[in-house]
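1. Here is a sequence with its predicted model. Questions after.
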Amino acid sequence: MTFLKSLLHNVGVVLVGLGVADAGTRLDLAIRIGEFHTLAATIAGCLLLALGFSIRVWATFTFYRHRVKVISLSPQSTLITSGPYRFTRNPLYLGGNVFIFSGAATLLGSPSALLLTALHLPLIDLFIRREERQLERTFGEQWLGYRQHVRRWL
């Protein structure tokens, strides 16, 4: 059940990524930027989508296994450092905002969607930094030790 819940949780992220990529293709048409459609781009896009989806499923599965909500407006009560969190402090953002969004943009061959993906990443990084301040307040030394050993992105 936890694995199925993890899968379903992330289908929406793929749909959002494809929606952003579709909006990018419409923008490409409106401003007359040529799309790129090659076999290599299609393969790369599919691989990025699959990688991003897999990372997110692993991360949400890890959250659910620890009985922690993936999306919560209140501070988390558990600092998760296992699963993909051993390699990156932000596998959900990495899998979705980086790999799924860029994979969808590449799959649809949209330069505008790739640009939109790149432009939103500094905003996501600001959001992450705010979350990190909250984690430091909540978990103190435990967070500081984790932060010292695991990178924010990769």
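-> Done, it's in.
2. now the helix or strand containing Ala113: mean pLDDT?
-> Using DSSP states H and E, Ala113 falls within helix 111-139. Averaged over helix 111-139, pLDDT sits at 95.
3. Nearest residue to the middle of this protein?
-> Nearest residue to the geometric centre of the chain (CA atoms, centre = their mean): Gly96, 2.3 Å.
4. tell me the phi and psi of it?
-> Main-chain dihedrals, Gly96, degrees, to the nearest 10: phi -90, psi -60.
5. From Ala59, how far off is it?
-> Going from Gly96 to Ala59 by CB to CB, to the nearest Å gives 9 Å. To be clear about C-beta, it is placed using only N, CA and C from the backbone, and glycine gets the same treatment.
6. again with Gln134
-> Remark: distance between Gln134 and Ala59 (CB to CB) = 18 Å.
7. So for those two, which sits in the more crowded spot?
-> Ala59 (26 against 12; other CB atoms under 10 Å).
8. Skip the chain neighbours and tell me the closest residue to that one.
-> Pro91 (4.0 Å; CB to CB, 6 or more residues apart in numbering).
9. Roughly how far does the one you found sit from Trp58?
-> For Pro91 relative to Trp58 (CB to CB), the value is 7 Å.
10. how many neighbours does the residue nearest to Ala59 have?
-> The burial count for Pro91: 24, using other CB under 10 Å.
11. Touching, it and Ile55? I think so.
-> Yes. The pair Pro91 and Ile55 passes the contact test of CB atoms under 8 Å, sitting 5.1 Å apart.
12. what's the overlap in contacts for these two?
-> Shared contacts of Pro91 and Ile55, defined by CB atoms under 8 Å, 6 or more residues apart in numbering, are found at Pro84.
13. what about the most far-flung residue of the chain relative to its centre, which SS state?
-> Farthest-out residue of the chain from its mean C-alpha position, per CA atoms, centre = their mean: Arg32, at 29.1 Å. Assigned by DSSP: H, G, I helix; E, B strand; the rest coil, the conformation of Arg32 is coil.
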